[in-house]
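Enquirer: have a look at this fold, sequence not included:
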């Protein structure tokens with residue numbers, strides 16, 4: 001997955017059924033940059049993530065999305081994954097009968113293609129990533145997300161991120177439901193991956209941003225980016241909420 005890892009979103013509009021949710025999103029993310037996207041429930045945060053990954057329920061009605069100059073909107077979801085786009089789900093699904101170790105090996109082989117490591121190198125990468133995330137080796141013999149706690153599910157998501165080495169990582173509320181120790185561990189994995197990828201973290205809260213240090217923070221209100229800034233913007237939202245921005249949008 002070579003390339004500069006530059007995602008460009010221009011005037012993106014999208015809807016579900018007759019309801020328009022995204023109403024003109026403009027964002028540019030570059031390799032090595034970490035962007036945080038914040039907003040109230042229903043503002044369009046998760047919709048943006050799903051549109052970027054190619055969820056079939058969402059229809060793009062205007063605008064463009066390119067990765068290293070290549071239009072991704074006409075690509076199938078699996079083609080976007082092969083191109084180097086990774087989505088961490090807010091609510092990862094269980095897959096009874098599929099062992100974590102086999103799932104990770106097959107995923108890496110499929111997504112990284114010719115760049116996939118040989119068996120010995122894969123084990124070395126896997127062991128290194130598991131150590132950073134404090135994941136026990138018994139984890140590999142369990143079925144994917146079957147009976148996992150919330151923290152275990154999020155660790156598996158970040159373990160995939162570290163092994164797949166995407167160009168673009170979209171993390172949809174990865175901090176949801178995590179205690180402080182799990183949050184620090186997950187942040188360690190994100191920080192270990194972001195230097196080789198453009199990263200978009202979707203979150204409601206300031207707390208994960210204390211550990212991953214975003215380059216940019218964006219606020220989405222009613223399907224549009226209402227404000228962009230640095231980490232200080234997230235801190236202001238934590239203190240003052242969204243009303244001061246909503247008033248500006250509605251004027």
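Expert: Now that the structure is in, tell me what you want to look at. These numbers were taken from a predicted model, which means no experiment stands behind them. Numbering: from 1, shown residues only.
Enquirer: how about the helices of this protein, start to end?
Expert: 45-53, 77-83, 100-112, 119-132, 150-164, 180-193, 209-212, 231-240, 243-250 (DSSP state H).
Enquirer: which other helices and strands does the first one contact?
Expert: When you say that, I think you mean helix 45-53. Helix 45-53 sits against strand 7-16, strand 19-29, strand 34-38, strand 59-67, helix 77-83, strand 85-88, strand 168-172, strand 198-202, with contacts defined as 3 or more Cβ pairs under 8 Å, 6 or more residues apart in numbering; DSSP states H and E. Where C-beta positions appear, they are placed from N, C-alpha and C, glycine not excepted.
Enquirer: with the second one instead?
Expert: Contacts defined by 3+ Cβ pairs under 8 Å, 6+ apart place helix 77-83 against helix 45-53, helix 100-112.
Enquirer: distance between it and the chain's centre?
Expert: Centre-to-centre, helix 77-83 and its host chain are 14 Å apart (Cα atoms, centre = their mean, to the nearest Å).
Enquirer: need the helices and strands packed on helix 45-53 in a markdown table (columns: distance to residue 218, mean pLDDT and mean neighbour count).
Expert: Output for the helices and strands packed on helix 45-53, formatted as a markdown table (distance: least, Cβ to Cβ, whole Å; pLDDT from 0 to 100; neighbours: other Cβ atoms under 10 Å):
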| stretch | distance to residue 218 | mean pLDDT | mean neighbour count |
| --- | --- | --- | --- |
| strand 7-16 | 11 | 97 | 18 |
| strand 19-29 | 7 | 96 | 17 |
| strand 34-38 | 5 | 95 | 24 |
| strand 59-67 | 16 | 97 | 16 |
| helix 77-83 | 21 | 93 | 16 |
| strand 85-88 | 18 | 94 | 24 |
| strand 168-172 | 13 | 94 | 26 |
| strand 198-202 | 9 | 94 | 26 |
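Enquirer: among those, which is nearest residue 237?
Expert: strand 34-38 (6.1 Å; Cβ to Cβ).
Enquirer: and the closest one, which strands flank it?
Expert: According to DSSP bridges, strand 34-38 forms sheet pairs with strand 198-202 (parallel), strand 216-221 (parallel).
Enquirer: contacting residues around the shortest one?
Expert: Contact partners of strand 198-202, identified using Cβ atoms under 8 Å, 6 or more residues apart in numbering, comprise 5-7, 29-38, 45-46, 48-49, 167-174, 190, 193, 208-209, 212, 214.
Enquirer: can you list the helices of the chain in TSV and add distance to residue 201?
Expert: Below are these laid out as TSV (distance: least, Cβ to Cβ, whole Å):
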stretch	distance to residue 201
helix 45-53	10
helix 77-83	19
helix 100-112	21
helix 119-132	18
helix 150-164	11
helix 180-193	7
helix 209-212	7
helix 231-240	10
helix 243-250	19
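Enquirer: out of those, the one nearest residue 140 is which?
Expert: Nearest of these (Cβ to Cβ): helix 100-112, 3.5 Å.
Enquirer: run a quick neighbour tally on residue 165.
Expert: 20 (other Cβ atoms under 10 Å).
Enquirer: where's the closest residue to it other than its chain neighbours relative to residue 212, distance?
Expert: In space, and not counting its chain neighbours, residue 165 is closest to residue 196: 6.2 Å by Cβ to Cβ, 6 or more residues apart in numbering. Applying Cβ to Cβ, to the nearest Å, the value for residue 196 to residue 212 is 15 Å.
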